[in-house]
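*Asks:* the amino acid sequence is not available; the structure is as follows:
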């Protein structure tokens, strides 16, 4: 799908933040039956960052946001909208408003988007629509997750994968439109393949009517790794190809491929299906593991910071995961 031509959406600046606590594969091997070799060979992950107990998702989201604001030389009061992509909010009702208060963006509206590992890409697309329509001028998009608090640390198939982090991007209305095209997809029939399910238990309340109420809580993160792998390596290349076709581009036009950092094998398999050389893959999974909605903005920020992305580069970005959802955006960097 092509965005509206009323106004352009330009990525003005990026930022990222990860916790200081670093957990190596060797440390994990003392907790569950695994090893550095086993984890590295199957996932590409060497270390992951874990948020300490005295900090919340707002703390790292604030750090990433402030870094982006500083790079953009933008005052928080100049923000019109904040979109927080997270599946691990500080509050079940959402955390975007807390982030708005934390960075003192007093003039900005704020809301959450819950789409797990596709969340940042979907938020990026959502923000671009507000800019294309002329509704807003400056939008802060943040992807942040702390899945370390939702994994079962006795389950070696899942606990080895996830880490915590936050990434941010500021989009601004501009005559040049960085976002060439996008696509969003969902397959709710397979939502159980990757989920943190809500469970209800019966709670008896003493009262004359003898009413019984249900109390809800959430289970640990559960994932069918084989099915998620098959889903990702089939659907993501299809989505990228369709997006490229919509904007009259080919795979060899791609300068950089930035995928959700779920597993190095997935990154390589998607690149192979698209005939994209490995040296065009942006990957930092070895350092952070799977940080869900934060993984793409962290990788994007590090690529910008390292000077890899140049004027005119075509960047294919795709997120995929729980839902099951997957989303692609094609960017031309101005």
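*Replies:* Thanks, I have it. Please read these numbers as outputs of a predicted model, since none were measured by experiment.
*Asks:* okay, residue 209: pLDDT?
*Replies:* Looking at residue 209, its pLDDT stands at 67.
*Asks:* start at 738 instead
*Replies:* New numbering, starting at 738: the last item is residue 946.
*Asks:* residue ranges with poor pLDDT in this protein?
*Replies:* Counting by pLDDT under 70, the chain has low-confidence residues at 738-743, 939-947.
*Asks:* spatially central residue for it, please.
*Replies:* residue 1030 (1.8 Å; C-alpha atoms, centre = their mean).
*Asks:* you'd agree that one is in a helix?
*Replies:* Yes: Residue 1030 forms part of a helix when assessed by DSSP: H, G, I helix; E, B strand; the rest coil.
*Asks:* mind splitting the chain into its structural domains?
*Replies:* The chain resolves into domains spanning 745-914, 918-926+959-1069 when parsed by automatic domain parsing.
*Asks:* can you lay out these as TSV showing distance to residue 936?
*Replies:* All C-beta spots, glycine's among them, are computed from the backbone N, C-alpha and C. As requested, the domains of the chain are arranged in TSV below (distance: least, C-beta to C-beta, whole Å):
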stretch	distance to residue 936
domain 745-914	13
domain 918-926+959-1069	12
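*Asks:* looking at those, which is closest to residue 932?
*Replies:* domain 918-926+959-1069 (5.9 Å; C-beta to C-beta).
*Asks:* end-to-end on that closest one?
*Replies:* One end of domain 918-926+959-1069 to the other measures 10 Å (C-alpha to C-alpha, to the nearest Å).
*Asks:* what about it, distance to the chain center?
*Replies:* 11 Å (C-alpha atoms, centre = their mean, to the nearest Å).
*Asks:* separation between the residue nearest to the centre of the chain and residue 970?
*Replies:* 21 Å (C-beta to C-beta, to the nearest Å).
*Asks:* how many residues are close by residue 1035?
*Replies:* A count of nearby residues for residue 1035, using other C-beta atoms under 10 Å, gives 27.
*Asks:* before we move on, which element is it in?
*Replies:* Using DSSP states H and E, the element containing residue 1035 is helix 1032-1042.
*Asks:* in that helix, what counts as buried?
*Replies:* 1032-1041 (16 or more other C-beta atoms under 10 Å).
*Asks:* now tabulate these in TSV and tack on distance to residue 812.
*Replies:* Converted to TSV, these look like this (distance: C-beta to C-beta, whole Å):
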residue	distance to residue 812
1032	29
1033	26
1034	21
1035	24
1036	27
1037	23
1038	20
1039	25
1040	26
1041	21
